[in-house]
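# pasting the sequence and the predicted model now:
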Amino acid sequence: MRRGSRLVKVIQNHIDGKFVRSVHEFADLNPADGSVIAQVCEADRDLVDAAVGAARKALQGEWGRLGVRERAARLHRVADAIEARFEYFLTAEVADTGKPVSLARKLDIPRAAANFRIFADLVKSAGLESFQTETPDGKNALNYAIRKPLGVIGIITPWNLPLLLLTWKVAPALACGNTVVVKPSEETPATATLLAEVMQEAGIPNGVYNVVYGFGPNSAGEFLTQHPDVNAVTFTGESQTGAAIMKTVAAGVKPVSFELGGKNAAVVFGDCDFEETINGVSDAVFLNTGQVCLCAERVYVERKIFDRFVDELRKKAESLRLGSPLESATNLGPLISKQHREKVLSYYKLAREEGAQVVTGGGVPSLGNSLDNGFFIQPTILTGLPESARCVQEEIFGPVCHVAPFDTEEEAVHMANDTKYGLAASIWTSNLKRGHHVAQQMNVGITWVNCWFLRDLRTPFGGVGLSGIGREGGVHSLNFYSELNNICIRL
Ligand code: NAD
Ligand code: 6OH
């Protein structure tokens, strides 16, 4: 489409196998330099309605009649097609998010393909319960459960790992025979539309995978969650947004799965493998510029190694290279948007007001080129705050942590659990017995010992408290995305 003198790409909704424009458009920016990548078509209520209608209709068509084996085969073809277009997905994801190409190459795009493969295989092999039941007259009955699709699933996703988190929900939803309407983040629309092309190539019938673009309130996100013909809603994003969606969905009494924010702790004992721990905790704090829900924003370190640890983590932070996402040497890209940088900077300011020592960072870097129009921020380490400080209690979602000392295991456990969130924790110790013991006391959904973000997609994934409702992953995803029907037969 011609805009002024430039050719600007238009990202369109995808409904019933067709790309669909709309009256309103919004700009998709590259966060590395603030340039416009594309115009995105915003779906109004009628388009969301059309998408849900297409998804409903597709349940009655070829898709609804396919057996599990054929469904799984097609999902493997989706994975094949993602791999065949790997560079295409990679370029789009890096431009949309500003994340280093080296990271997206090893994490985001391979995981998208892996999501389809794991759930295709799992749905074929997952068994269900059966019970032989004694009847009052001394005979027998047989109980067994079968899985049925829930129907049309509304999927709403964030910007930090756009394709990874979208496919994390789309793959099991389709594996269970549902159809989907996805509403990707307004910040990162590109890869969802590429996935639509892949779906067609892989023989996924029209209407099974639909995409609507837009924002949350009074836009596509809200229209989707309000829609009476959506059977379940799965959401990843901020806890507050989860609360708003829950309220909307409550009217229809529908199942929800929520993967929400975190204020995750890393607990470092004096007996840890020091170098491995510095590298691991640095990743846990700074990966993806701190924009991973699992990132550690609170680091608790046994007092006897506290000073040395803070100093080495500082050196590590200062060695991270901020720069163009396209350069292989770049470790950190920008934050996602100007608005998000303002939010993170407001916490850097608040930390000072709350009495923190800024060990390193605390501001905006000067890169000396067009990247200064992007949304870069310095990796930052804070110390000296009380546990009650807002910077220690609230999710910041940037490349920042607060490091505090502890003296005893009990104190470390208490501080790690002193939060309304409960997504993930990591424990760093060479005493495995202690690792188990401490891990079992963490009030979270996921605990790593001597590692972080090491994922096996068969394991339960989710959080407690403000971090979410329900678990996805492996059979837990299959259970969310299907309706179990128990059949009892008197023999
Ligand atoms: P966000 O909540 O602002 O937005 C997420 C999605 O919800 C977007 O698509 C947005 O358009 C939509 N949305 C917003 N308001 C809505 C409404 N009222 N109704 C329907 N849809 C609405 O989150 P974000 O800023 O995109 O992502 C960052 C947040 O996501 C962080 O809090 C992070 O911790 C969390 N997160 C959690 C996980 C997890 O697995 N637990 C994973 C990734 C990100
Ligand atoms: C949050 O930002 C990261 C979530 C990761 C996953 O959901 C996953 O499956 O690895």
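On my side now, so go ahead. Numbering: from 1, shown residues only. Ligands and ions are numbered 1, 2, ... in the order given.

# need the residues of this structure near ligand 2, please.
160-161, 165, 168, 292-294, 455, 461 (CB under 6 Å from any ligand atom). (Each C-beta comes from the backbone N, C-alpha and C, glycine too.)

# nearest to Ala192 among those?
Among those, Leu165 lies closest to Ala192 (CB to CB), at 10.7 Å.

# surely that closest one touches Thr157?
Yes. Assessed by CB atoms under 8 Å, Leu165 is found in contact with Thr157 at 5.0 Å.

# touching, Tyr347 and Cys401? I think so.
No. Counting by CB under 8 Å, Tyr347 stays clear of Cys401, with 11.6 Å between them.

# of those two, give the one with the bigger neighbour count.
For Tyr347 versus Cys401, neighbours defined as other CB atoms under 10 Å are more numerous around Cys401 (31 against 20).

# now do the contacts for that one.
266, 285, 296-299, 380-382 (CB atoms under 8 Å, 6 or more residues apart in numbering).

# JSON lines for those, including pLDDT, neighbour count and secondary structure?
Below are the contacts of Cys401 laid out as JSON lines (pLDDT from 0 to 100; neighbours: other CB atoms under 10 Å; DSSP: H, G, I helix; E, B strand; the rest coil):
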{"residue": "Ala266", "pLDDT": "99", "neighbour count": "26", "secondary structure": "strand"}
{"residue": "Val285", "pLDDT": "98", "neighbour count": "28", "secondary structure": "helix"}
{"residue": "Ala296", "pLDDT": "98", "neighbour count": "29", "secondary structure": "strand"}
{"residue": "Glu297", "pLDDT": "98", "neighbour count": "28", "secondary structure": "strand"}
{"residue": "Arg298", "pLDDT": "98", "neighbour count": "25", "secondary structure": "strand"}
{"residue": "Val299", "pLDDT": "99", "neighbour count": "25", "secondary structure": "strand"}
{"residue": "Thr380", "pLDDT": "98", "neighbour count": "27", "secondary structure": "strand"}
{"residue": "Ile381", "pLDDT": "99", "neighbour count": "25", "secondary structure": "strand"}
{"residue": "Leu382", "pLDDT": "98", "neighbour count": "28", "secondary structure": "strand"}
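
# contact partners for Leu47?
Residues near Leu47 by CB under 8 Å, 6+ apart: 13, 15, 20, 22, 212, 220.

# let's see 6 Å
By CB atoms under 6 Å, 6 or more residues apart in numbering, Leu47 lies in contact with 13, 22.

# what about it, distance to Gly216?
Leu47 sits 16 Å away from Gly216 when distances are taken as CB to CB, to the nearest Å.

# coming back round to it: which pair in the contacts of Cys401 spans the largest distance?
The widest separation within the contacts of Cys401 (CB to CB) is 15.7 Å, between Ala266 and Thr380.

# so what sits against both of Leu165 and Thr157?
Thr236.

# all helices of the stretch 301-450 of the chain, in order?
Ranges of helices within the stretch 301-450 of the chain are 303-319, 338-353, 390-393, 409-417, 432-439, based on DSSP state H, counting those that start in this stretch.

# tell me which parts of the stretch 151-300 of the chain are close to ligand 1?
Of all the residues in the stretch 151-300 of the chain, those lying near ligand 1 are 156-160, 165, 183, 185-186, 215-217, 221-222, 225, 236-238, 241, 244-245, 259-262, 293, going by CB under 6 Å from any ligand atom.

# need the contact list for Ile370.
If you look again at residue 370, you'll see it is Ser, not Ile. For Ser370, the contacting residues are Asp33, by CB under 6 Å, 6+ apart.

# repeat that with 10 Å
32-35, 324 (CB atoms under 10 Å, 6 or more residues apart in numbering).

# repeat that for Ser366.
Residues counted as contacts of Ser366 (CB under 10 Å, 6+ apart) are 372, 376.

# state the phi and psi torsions of it.
Torsion angles at Ser366 (phi, psi; degrees, to the nearest 10) stand at phi -110, psi 120.

# circling back: shared neighbours of Tyr347 and Cys401, which are they?
By CB under 10 Å, 6+ apart, the residues touching both Tyr347 and Cys401 are 297, 380, 382, 391.

# out of these, which comes closest to ligand 2?
Nearest to ligand 2, judged by CB to the nearest ligand atom, of these is Glu297 at 12.8 Å.

# residue nearest the centroid of the protein?
In the chain, the centroid-proximal residue (CA atoms, centre = their mean) is Leu165; its distance is 4.4 Å.

# in terms of helices and strands, where is it?
In this assignment (DSSP states H and E), Leu165 forms part of helix 162-175.

# count of residues packed around whichever residue of the chain sits closest to ligand 1?
Among all residues of the chain, Gly216 sits closest to ligand 1, at 2.1 Å; criterion: CB to the nearest ligand atom. As a burial measure, Gly216 scores 19 neighbours (other CB under 10 Å).

# Ser185 is in contact with the residue nearest to the centre of the chain, correct?
Yes. Leu165 lies in contact with Ser185 (CB atoms under 10 Å); the separation is 9.2 Å.

# what residues are up against the residue in the chain sticking out farthest from the centre?
Centroid-distance maximum for the chain: Asp137 at 52.6 Å, with CA atoms, centre = their mean. Neighbour list for Asp137: Arg490 [criterion: CB under 10 Å, 6+ apart].

# now with 7 Å, please.
Listed by CB atoms under 7 Å, 6 or more residues apart in numbering, the contact set of Asp137 is empty.

# repeat for Arg56
Contacts of Arg56 by CB under 7 Å, 6+ apart are 152, 229.

# how near is it to ligand 2?
For Arg56, the distance to ligand 2 (CB to the nearest ligand atom, to the nearest Å) stands at 27 Å.

# understood, closing this out.
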